[in-house]
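1. structure, please.
(chains A and B)
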Amino acid sequence: MTEKVGTISAVSWEQAVSADSSIEELVHAYTEPLLKGALALGFPLDEAKDLIQTLWLTFMEVRATFQGRSHIRTFLFGILYNKAKEKRRYDPKLVADDKIEDLVNSYFDERGRWIKPPKDPERFLQASQTMRIIEDCIDALPFNQRTAFCLREIDDHGSDDICKIMDITGANLGVILFRAKARLRECIERKAQGKENI
Amino acid sequence: MLSCKEVVRILGSGEPLGLKRKLMLNLHLSMCKHCGTYARQLKAMKNGFIKLFQQKTSTSQQDIHDLEAQVLRTLNQTTKDTPSE
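-> A predicted model of the protein is given here:
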């Protein structure tokens, strides 16, 4: 193995890729969901295709090291996440002082009651269905927040799988998802009010 | 009783809830106008993003087919280059 692939050694596999499972079958079964995953992470089509090519090459390199205890889909998405992270340059898993935390804190008084409640729900609903607005908002998310949000809300991966894919704890995933959704909601609300992005 | 601030965090993190906490959350949401709005906004937002991704990730079957063929060609080539595989 010439390349370090982050999560792979740390993950425990629940399901073996049997020795004779053909690579053709795997490529036909998983290239489409992986390509869609790369597109959801914001890569343009050509870059996404290159990423998937590299991913399969890496898979061939690390395939021999399989212990055989995880789902192959989780394994492949783990490689996708690491390749995407390399392309985006490194992005810290969890930063201590994300400014969205201060912003959300400022919604509440010291007893945890609303002082800045959600504004104008009607306009928010419209904005949340306006493709141009939500595309701008998701593009503004930090990479790990975008990844967690896409895997969870769009692709419907289970929490345990996402933790394996991103190599994080369940508690960290909760924090990352909270920040992702809070930031998206704030962004949509601002755009609904005709204001600048945070 | 959960505070509004706690409710917003629970809704965002999607943490798994025990029965008691789930009941407390639902009770709060049914009584608190602003938290109810917040929860509906997250739901609407999710639906909006699902639509966006369906649009953004709609690739033609021909595209997928070509990519699969290209991947398999590359992999075959690599296997030939390294006989130990």
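2. and residue B:1, what pLDDT?
-> On pLDDT, residue B:1 comes in at 86.
3. I misspoke; the intended subject was residue A:9.
-> 35.
4. go on, residue A:196?
-> On the pLDDT scale, residue A:196 gets 54.
5. one more: residue A:3?
-> Taking residue A:3 on its own, its pLDDT is 39.
6. same for the host helix or strand of residue B:20, what does it pack against?
-> Taking DSSP states H and E as the criterion, residue B:20 maps to helix B:19-31. Where contact means 3 or more CB pairs under 8 Å, 6 or more residues apart in numbering or on different chains; DSSP states H and E, helix B:19-31 is packed against helix B:4-13, helix B:33-56. Glycine gets a C-beta too; all of them are placed from N, C-alpha and C.
7. which positions in the longest one come out as buried?
-> The reference is to helix B:33-56. B:34-42, B:44-46, B:48-49, B:52-53, B:56 (16 or more other CB atoms under 10 Å in any protein chain shown).
8. one step back: can you redo the helices and strands packed on helix B:19-31 as CSV with distance to chain A?
-> CSV is the format used below for these (distance: least, CB to the nearest CB, whole Å):
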stretch, distance to chain A
helix B:4-13, 3
helix B:33-56, 4
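9. now those in a markdown table, with mean pLDDT?
-> Formatted as a markdown table, the helices and strands packed on helix B:19-31 follow (pLDDT from 0 to 100):
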| stretch | mean pLDDT |
| --- | --- |
| helix B:4-13 | 96 |
| helix B:33-56 | 95 |
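10. list the helices and strands the helix or strand where residue A:146 lies packs on?
-> Using DSSP H and E, residue A:146 maps to helix A:143-149. If you count contacts as 3+ CB pairs under 8 Å, 6+ apart, helix A:143-149 packs onto helix A:72-87, helix A:159-166, helix A:170-192.
11. if you set the cut-off to 10 Å instead, what comes out?
-> Using 3 or more CB pairs under 10 Å, 6 or more residues apart in numbering or on different chains; DSSP states H and E as the contact test, the elements touching helix A:143-149 are helix A:23-40, helix A:72-87, helix A:131-139, helix A:159-166, helix A:170-192, helix B:33-56.
12. quick check: closest non-adjacent residue to the one residue in chain B that gets nearest to chain A.
-> Nearest residue of chain B to chain A, counting by CB to the nearest CB: residue B:3, 2.9 Å away. Leaving aside its chain neighbours, residue B:3 sits nearest to residue A:112 (2.9 Å; criterion: CB to CB, 6 or more residues apart in numbering or on different chains).
13. residues contacting that neighbour?
-> Applying CB atoms under 10 Å, 6 or more residues apart in numbering or on different chains, one finds that residue A:112 lies in contact with A:105, B:2-9.
14. to the chain's geometric centre, what's the distance from the strand or helix carrying residue A:62?
-> Secondary structure from DSSP H and E places residue A:62 in helix A:45-63. Computed by CA atoms, centre = their mean, to the nearest Å, the chain-centroid distance of helix A:45-63 equals 18 Å.
15. now do the buried residues in it.
-> Result for helix A:45-63 [16+ other CB under 10 Å]: buried residues A:48-49, A:51-56, A:58-59, A:61.
16. that helix - contacts with which helices or strands?
-> helix A:23-40, helix A:72-87, helix B:61-81.
17. and the last one with helix A:23-40, angle?
-> In terms of direction (axes from the mean of the first three to the mean of the last three CA atoms, to 10 degrees), helix B:61-81 departs from helix A:23-40 by 120 degrees.
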